[in-house]
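**Q** okay, predicted coordinates and the sequence, questions at the end:
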Amino acid sequence: MKRKIIRINEALCNGCGLCVQGCHEGALQLIDGKAVLISELYCDGLGACIGDCPVNAITMEEREAEAYDERAVIERMIPKGKKVIHAHLKHLADHHQQDFLDEAEKVLKEHGIVVPQYRNEVSVPKHGGCPGSRSVSFVRQHEAATSCEMQSGELTHWPVQLHLLSPTAPYLKGCDMLVTADCTAYALGDFHWYLKGKCLAIACPKLDNSLDVYIEKLTAMIDQGGINTLTVMIMEVPCCSGLMRICSEAVERARRKVPLKVIVVGVKGNILEDKWV
């Protein structure tokens, strides 16, 4: 599957080992004076090691990699002691990885280990790449607006661009996913009515690169992310139909079967089609 994972520039690495200390999951080791990613299985892709590198030798990228395995990580971590376990749990909590936290606590209890207190210590991550692509979920509080105020929208998470979304983001679990062409929100006056209660992903099949990545990512959102339904909103123009093909192929490839719906928006902002397929 394609997911976020680190890349180490061996030419820049000075072998200081700070990243190894920062990676509580045990994905990094110093070998022959260079930091090495020894197992993709242990790299959670959250980038704790990036901020520890003084020479910027570690970057984040999205590529084919083994799926991260929280059970394997926490079992490997148990012999390291409670301080390391605590740091790992806090790291997951800082990045809102509730599914991984639930799995970690389950494994600890299976081993008869008291789960360290970490929930009241959560802080905003200092590292992990561009703040604009950091995964965040939030709950909307709707209030009556005055005549000179804008109503708040229905967006419940960030980011929304499909390339930037993580297939295992916790807010995807059990959600109804709305995948829309970029232009629909500008053409459709009541776009947020259709967005209400859904997780959003936006894409353009004509202008975006690596459309195969979109198929793989949507497939992972169905199988690993656990979405319940997939709704595709496209414009009536021919190039927009590519987004429907991408979503249809993802549904076909996925092991889990989820309902697929299509909404077609006219260039004048009217709904031309709204049906399950």
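**A** Arrived safely, thanks for sending.

**Q** in the stretch 151-277 of the chain, which spans are helices?
**A** Ranges of helices within the stretch 151-277 of the chain are 184-187, 191-195, 211-220, 241-253, based on DSSP state H, counting those that start in this stretch.

**Q** contacts for the shortest one, please.
**A** Taking C-beta atoms under 8 Å, 6 or more residues apart in numbering as the criterion, the residues outside helix 184-187 that touch it are 191, 202, 233-235, 265-269. Heads up, the C-betas are built off the backbone N, CA and C, glycines and all.

**Q** of those, closest to residue 213?
**A** Using C-beta to C-beta, residue 202 comes nearest to residue 213 of the contacts of helix 184-187, at 14.7 Å.

**Q** that closest one pairs with what?
**A** residue 161, residue 180 (DSSP bridges).

**Q** residue 266 versus the residue positioned nearest the centre of the chain, what's the distance?
**A** Centrality entry for the chain: nearest residue to the mean C-alpha point is residue 166, 1.8 Å, by C-alpha atoms, centre = their mean. Distance from residue 166 to residue 266, counting by C-beta to C-beta, to the nearest Å: 33 Å.

**Q** same thing with residue 113?
**A** 59 Å.

**Q** can you get me a residue count around the residue nearest to residue 259 when sequence neighbours are not counted?
**A** Distances taken as C-beta to C-beta, 6 or more residues apart in numbering place residue 229 nearest to residue 259, at 4.9 Å, with adjacent residues excluded. Residue 229 is flanked by 15 other residues according to other C-beta atoms under 10 Å.

**Q** same check, this time on the one 10 residues further on
**A** Neighbour count for residue 239, taken as other C-beta under 10 Å: 13.

**Q** hmm, it is touching residue 206, no?
**A** Yes: contact criterion C-beta atoms under 8 Å: residue 239 and residue 206 qualify, at 4.2 Å.

**Q** rewinding a little: the helices of the stretch 151-277 of the chain: which one's closest to residue 6?
**A** Nearest of the helices of the stretch 151-277 of the chain (C-beta to C-beta): helix 211-220, 18.2 Å.

**Q** can you flag the weakest of the helices of the stretch 151-277 of the chain by average pLDDT?
**A** For the helices of the stretch 151-277 of the chain, mean pLDDT drops lowest on helix 211-220, to a mean of 88.

**Q** name the residues of it that are buried.
**A** 211, 213-220 (16 or more other C-beta atoms under 10 Å).

**Q** residue 16: what's its closest spatial neighbour, skipping adjacent residues?
**A** residue 54 (6.4 Å).

**Q** cool, residue 205 as well?
**A** residue 242 is the one closest to residue 205 (C-beta to C-beta, 6+ apart), at 3.1 Å.
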